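K.L.:
turn this into a structure:
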Amino acid sequence: MFNSFDFPPSPFFRPLFSCVTGSFILKYTNVDALIMYYDNKINSLKQIFGTDEICLGKDALVVRSKVYPIIDDVIILSERGKYTEKVKKILGVASSDGSYPDFSKDVQDTFGKEWVKYSEIIPSHREEFAQYFDIVDIESLRGRRACDLGCGIGRFSYFLKDVCGEIMLVDFSDAVFEARRNLAGRENCLFFMGDISDLPFCANYADFLFCLGVLHHLPTDALDEVRKLKKYSPRVLVYLYYALDNKPFYFKWILAGVTFLRRALSRSRSVFLRTLIPPLAARFVYFPLVLIGSVLDRFKMSGLVPLYDSYRGKGIKRTEQDVYDRFFTPIEQRFERRDIMKLKDSFDSVTVSDKVPYWHFLCQARESAAVAGRA
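P.N.:
From the prediction side, this is the model:
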């Protein structure tokens, strides 16, 4: 039982609760309690956090004695020192507390701004979904609980919403609020803001987990982070930047120059540069290279042209977003296929797709009794 609740001194919180303890539920009769977004998701939250000690408030979720604010149906798991500026403003938190050496505020800020700027689900996202999930049996996800780690605007979860029984969307930036808007009206989605390397969830909380284009931006080793995910799901789909190991030697020379430019630009907070560079690079660098590649493709020589494989068929707006991601993100890790295969030391099998985007791969372990019981 809960004896007391330690709420932050903020008018944002109002003590209206649906308390779940053990085998009984006690609800206040206030009609608002019956229409809270998570009111019918208590059992799922109990499974995800691995405890029956759950209390749901209109503006907060209490797990054991820990209080997690809820903003626009997004459960805020982050420590105060990891709050975004938006969250701090809403909750009335004046400053960040604590130091987190394995947490990059710059990356959080960059991705938050990126996904707010490019917040729409567009047609090319469906094609990207098919590319990333080419090694996943989609039917095997029917009725299951999936978790989208580093969800951004929810562009991949959007295409699973009618397949999975439940989808957890997690992001450490303000992008998760865009995901909530893009999946408005869906009752099978749960939204969390939190650091994906420091989540308070229990073991085997998901049947399937995917983390696409995220871990290579963390300050910690991305492959080690993949290994940690085994604890949470028996199937993990991941995309990490490739080290150009399947491309001509001069691609790496070009990458070295691009990396130098990225490191310089990522230190800039100039709104002017962040607005100007993506459309210019998309139109005068990316698009011309794709055009050259399409000409050489007739002679089976398109593989000699940088960017062609990844950007043929993509629209300008989608390309602009990738330019923003490429040049304004301070941390970037890259891996060869042989590096990824070393994950077999932690998983029963590792399947690397031979198709773009390079490299995306599926790690599988034996399904636990807890996961099998949710089937």
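K.L.:
rest of the way, CA atoms for contacts and neighbours
P.N.:
OK.
K.L.:
CA atoms of the helix or strand containing Leu56 as CSV?
P.N.:
Per DSSP states H and E: Leu56 is located in strand 54-57. Taking Å, rounded to 0.1, in the frame of the first residue of the first chain, the C-alpha atoms of strand 54-57 are listed here in CSV:
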residue,chain,number,x,y,z
ILE,A,54,1.0,1.4,-9.5
CYS,A,55,-1.0,4.5,-8.9
LEU,A,56,-2.3,6.5,-11.8
GLY,A,57,-3.0,10.2,-11.4
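K.L.:
name the helices or strands packed onto it?
P.N.:
Judged by 3 or more C-alpha pairs under 8 Å, 6 or more residues apart in numbering; DSSP states H and E, strand 54-57 is in contact with strand 17-21, helix 42-49, strand 60-63.
K.L.:
can you pull out the helices in this protein?
P.N.:
42-49, 85-91, 105-117, 123-132, 175-182, 222-229, 250-265, 271-281, 287-296, 308-311, 316-328, 337-341, 369-373 (DSSP state H).
K.L.:
okay if I get the ones you listed as TSV plus mean pLDDT, mean neighbour count and distance to Asp198?
P.N.:
What follows is the helices of the chain, written out as TSV (pLDDT from 0 to 100; neighbours: other C-alpha atoms under 10 Å; distance: least, C-alpha to C-alpha, whole Å):
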stretch	mean pLDDT	mean neighbour count	distance to Asp198
helix 42-49	97	17	13
helix 85-91	92	15	18
helix 105-117	69	19	14
helix 123-132	95	15	25
helix 175-182	96	22	17
helix 222-229	97	17	11
helix 250-265	96	14	27
helix 271-281	93	15	30
helix 287-296	97	17	39
helix 308-311	95	18	32
helix 316-328	91	19	23
helix 337-341	98	15	23
helix 369-373	61	12	21
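K.L.:
of those, which approaches His360 most closely?
P.N.:
His360 sits nearest to helix 123-132 of all those, at 6.7 Å, using C-alpha to C-alpha.
K.L.:
what sits up against stretch 142-154?
P.N.:
111, 115, 119-121, 156-157, 163-173, 175-180, 182-183, 196, 206-212, 214, 374-375 (C-alpha atoms under 8 Å, 6 or more residues apart in numbering).
K.L.:
each with direction, which strands does the strand holding Leu56 pair with?
P.N.:
If you go by DSSP bridges, strand 54-57 pairs up with strand 17-21 (antiparallel), strand 60-63 (antiparallel).
K.L.:
hey, least reliable of those strands by pLDDT?
P.N.:
The minimum mean pLDDT among the strands paired with strand 54-57 belongs to strand 17-21 (a mean of 47).
K.L.:
who's in contact with stretch 226-240?
P.N.:
By C-alpha under 8 Å, 6+ apart, stretch 226-240 touches 132, 202-216, 333-335, 343, 346-347, 357-368, 371.
K.L.:
rewinding a little: between the helices of the chain, which one is nearest to Ser78?
P.N.:
Closest among those, using C-alpha to C-alpha: helix 85-91, at 10.0 Å.
K.L.:
roughly how far apart are the residue lying closest to Phe156 once chain neighbours are set aside and Asn40?
P.N.:
Spatial nearest neighbour of Phe156, chain neighbours left out: Phe129 (5.9 Å); criterion: C-alpha to C-alpha, 6 or more residues apart in numbering. Phe129 sits 29 Å away from Asn40, going by C-alpha to C-alpha, to the nearest Å.
K.L.:
repeat that for Ile76.
P.N.:
According to C-alpha to C-alpha, Ile76 and Asn40 sit 19 Å apart.
K.L.:
out of these two, which sits in the more crowded spot?
P.N.:
Higher neighbour count among Ile76 and Asn40: Ile76, with 23 against 12, using other C-alpha atoms under 10 Å.
K.L.:
pretty sure the more buried one is touching Met193, no?
P.N.:
Yes: Ile76 lies in contact with Met193 (C-alpha atoms under 8 Å); the separation is 4.8 Å.
K.L.:
where does pLDDT dip in the stretch 101-250 of the chain?
P.N.:
For the stretch 101-250 of the chain, the stretches with pLDDT under 70 are 101-108, 110-112, 115.
K.L.:
so where do the strands sit in it?
P.N.:
Counting by DSSP state E, counting those that start in this stretch, the stretch 101-250 of the chain has strands at residues 145-149, 166-171, 189-193, 208-212, 235-239.
K.L.:
switch the ones you listed over to TSV; also include mean neighbour count and distance to Pro69.
P.N.:
Shown next, in TSV, are the strands of the stretch 101-250 of the chain (neighbours: other C-alpha atoms under 10 Å; distance: least, C-alpha to C-alpha, whole Å):
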stretch	mean neighbour count	distance to Pro69
strand 145-149	25	20
strand 166-171	25	15
strand 189-193	24	10
strand 208-212	23	24
strand 235-239	23	28
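K.L.:
Ile277: which of these is closest?
P.N.:
Of all these, strand 208-212 comes closest under C-alpha to C-alpha, at 24.4 Å.
K.L.:
what's next to the closest one, contact-wise?
P.N.:
141, 144-151, 233-240, 360.
K.L.:
and Phe192, bridged to which residues?
P.N.:
Ile75, Val170.
K.L.:
who's in contact with it?
P.N.:
Counting by C-alpha under 8 Å, 6+ apart, the residues that Phe192 touches are Val74, Ile75, Ile76, Leu77, Met168, Leu169, Val170, Asp171, Val176.
K.L.:
and the most far-flung residue of the chain relative to its centre, how far from Val163?
P.N.:
Distance from the centre of the chain peaks at Phe299, with 38.8 Å (C-alpha atoms, centre = their mean). Separation of Phe299 from Val163 (C-alpha to C-alpha): 41 Å.
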